[in-house]
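>>> Build me a structure from this.
(one chain, ligands or ions: 1)
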Amino acid sequence: MTENRPVALVSGGSRGIGRAAVLKLAADGYDVSFCYHSAEDAAEVLAKEVEAAGARAYYERVDVSDAAAVRGWVAATEKELGPVEVAVTSAGITRDKGLVVMSDEDWSSVLSTNLDGVFHVCRAVAFSMMKRRTGSIVNISSVAGVYGNAGQTNYSASKAGIIGFSRSLAKEVGRYGIRVNAVAPGFIDTDMVAAVHDKARDAALKQVALGRMGTPEEVAELISYLAGERSAYITGAVLQIDGGISL
Ligand code: NAD
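So this is what the prediction gives:
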């Protein structure tokens, strides 16, 4: 354990893509702070895995749609681990419905978690990054935000919003040495996809040129690349990782 590892912060870290990102960033040499929404046991197990990798871990139950809670989590992270060098926003939900039967709640819960959540996390980390003139932000969008997807007007709007947000922020903070990129995954094998009906899943898989779902670890590789110096001249990019679903 070292005192001066850089710090990475991951929203929605307890499961799926966020969890894989937490472990990859710990292996890359970061101390890692993550938040989770409900699975406290999973968060405890993950923190132990981070520590086993020689990194320090900090975690909190935080609803990313709550701006004050996010500010508190980021402040506690900076106190416990140090200034945040890398932020990854993976917290996200789906409430798939056809538009005409979509409730106000289906719409607002998805927008407030997926899009407001990204706004809250980025705003909470940006000022300190600007003062230190360094930082890398990786926001998790989706191919649904690039191409759209029937039954996901709420989700696609939130994920397209993340792309516009990331590009605008990249322009705003580039002069401070901060990079902002988005990752747009296709069909990745996580709990989120497990909740999709078998029929819809099989139909979606038929669209994937590589003929299989991606793994959270494959997405974490891309997040790791965008987080660190290997991608030092990449900002405002939207990198798809989708097995060719979009071809
Ligand atoms: P998942 O359901 O396995 O994990 C979602 C994570 O978000 C969990 O850790 C959960 O605790 C957290 N979360 C949910 N609501 C939250 C809230 N209000 N506050 C804080 N945390 C909250 O999903 P996943 O597949 O790992 O998805 C991760 C991200 O990747 C999401 O933004 C999702 O939209 C995106 N994505 C996933 C896929 C896919 O195929 N799995 C494809 C494209 C994009």
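>>> When you work out contacts or count neighbours from here on, use the C-alpha atoms and nothing else.
Fine.
>>> so how far is the strand ranked longest in the chain from its chain's centroid?
Longest strand in the chain, counting residues (DSSP state E): strand 178-185. Remark: strand 178-185 is offset 9 Å from the chain centroid, using Cα atoms, centre = their mean, to the nearest Å.
>>> which other helices and strands contact that strand?
The helices and strands touching strand 178-185, judged by 3 or more Cα pairs under 8 Å, 6 or more residues apart in numbering; DSSP states H and E, are strand 135-140, helix 143-147, helix 153-173, helix 216-227, strand 238-241.
>>> Try it again at 6 Å.
Strand 178-185 is packed against strand 135-140, helix 153-173, strand 238-241, with contacts defined by 3 or more Cα pairs under 6 Å, 6 or more residues apart in numbering; DSSP states H and E.
>>> Mean confidence (pLDDT) on the longest one, please.
The average pLDDT for helix 153-173 rounds to 99.
>>> Then the first one?
Confidence over strand 135-140 (mean pLDDT, whole number) is 99.
>>> which outside residues touch it?
For strand 135-140, the surrounding residues in contact (Cα atoms under 6 Å, 6 or more residues apart in numbering) are 85-90, 129, 178-183, 227.
>>> Out of those residues, just show me the ones up against the ligand, please.
Applying Cα under 6 Å from any ligand atom to the contacts of strand 135-140, one finds that S90 fall near the ligand.
>>> now the contacts of strand 135-140 in TSV, with pLDDT?
TSV is the format used below for the contacts of strand 135-140 (pLDDT from 0 to 100):
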residue	pLDDT
E85	98
V86	99
A87	99
V88	99
T89	98
S90	98
M129	98
I178	98
R179	99
V180	99
N181	99
A182	99
V183	99
A227	98
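>>> about what we covered before: switch the helices and strands packed on strand 178-185 over to TSV; also include mean neighbour count.
Converted to TSV, those look like this (neighbours: other Cα atoms under 10 Å):
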stretch	mean neighbour count
strand 135-140	28
helix 153-173	21
strand 238-241	20
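>>> in the host helix or strand of V70, what's buried?
Here V70 sits within helix 67-80, counting by DSSP states H and E. Burial within helix 67-80, assessed by neighbour count using 16 or more other Cα atoms under 10 Å, is assigned to 67, 69-71, 73-78.
>>> Kindly report the same for stretch 42-50.
43, 46-47, 49-50.
>>> which outside residues touch it?
14, 26, 57.
>>> Please narrow those to those residing in strands.
Per DSSP E, the contacts of stretch 42-50 map to strands at A57.
>>> What's the mean pLDDT across stretch 56-65?
98.
>>> I meant stretch 104-122, not that one.
98.
>>> Against the centre of the chain, work out the most remote residue.
V100 (29.2 Å; Cα atoms, centre = their mean).
>>> Find me the pLDDT at that residue, would you?
98.
>>> gap between it and the ligand?
22 Å (Cα to the nearest ligand atom, to the nearest Å).
>>> Just to be sure, that residue is in a helix?
Yes. Assessed by DSSP: H, G, I helix; E, B strand; the rest coil, V100 belongs to a helix.
>>> need the contact list for the spatially most central residue of the chain.
Residue closest to the average C-alpha location in the chain (Cα atoms, centre = their mean): S90, at 2.1 Å. Contact analysis of S90 by Cα under 6 Å, 6+ apart lists 11-12, 18, 140.
>>> again, but for S166
Counted by Cα under 6 Å, 6+ apart, S166 has contacts V180.
>>> R230: what secondary structure?
Per three-state DSSP, R230 ends up helix.
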